[in-house]
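Peer 1: Turn this into a model:
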Amino acid sequence: MNRFLAVVILPSLLAAGASAQTPPPAPVAPKSAVAASCEGCGVVRSVKRVEKSQPITAQERKSTAGLVASVPLGGGKPSVGSVTDVRNEKKPPTVTYEVVVRLDDGRFQLVTQDEAGNLREGDKVRLDRGKVVLREK
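Peer 2: Prediction:
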């Protein structure tokens, strides 16, 4: 029985000792030196134009005028409707741009800004004070 234990236990002890002497794995390096050196840098994934109509102000709601006819002097199309309808036609929608950026560290960032500038999908950019700007090459 002692011989049996020696045959079974001794090889496992030797294997454990050999594995304890192997060096630990090397520490994992950062993904790239660029990712570590540029905080907030990434690539544009999409640029989307968003239009929102301007809400009617409280003063405009209180307006008590009824039917209004508007005839442009330059020969345009006349319009008929309430004061609110005529005012809404004159208000241009508010335009903003939603830019999705994939950062170098793998995260995504959605930035809403007033102008898209020259941003296109695939451009290398960085985030600067809440805005997306092109990286200098």
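Peer 1: show me the contacts for Leu134.
Peer 2: 117-119, 123-125 (Cβ atoms under 8 Å, 6 or more residues apart in numbering). Glycine gets a C-beta too; all of them are placed from N, C-alpha and C.
Peer 1: do you know how far Gly81 is from Gly75?
Peer 2: Relative to Gly75, Gly81 is positioned 20 Å away (criterion: Cβ to Cβ, to the nearest Å).
Peer 1: And the strands in the chain?
Peer 2: 41-52, 67-70, 79-82, 94-103, 108-113, 124-128, 131-134 (DSSP state E).
Peer 1: The third one pairs with which strands, parallel or anti?
Peer 2: Partners of strand 79-82 in the sheet, by DSSP bridges, are strand 67-70 (antiparallel).
Peer 1: So among the contacts of Leu134, which ones count as buried?
Peer 2: Using 16 or more other Cβ atoms under 10 Å as the burial test, the contacts of Leu134 include 119, 123, 125 as buried.
Peer 1: neighbour count winner among Gly81 and Gly75?
Peer 2: Set side by side, Gly81 and Gly75 show more neighbours around Gly81, with 14 against 6, by other Cβ atoms under 10 Å.
Peer 1: What separation is there between the more buried one and Leu73?
Peer 2: 19 Å.
Peer 1: now Gly130
Peer 2: Going from Gly130 to Leu73 by Cβ to Cβ gives 44 Å.
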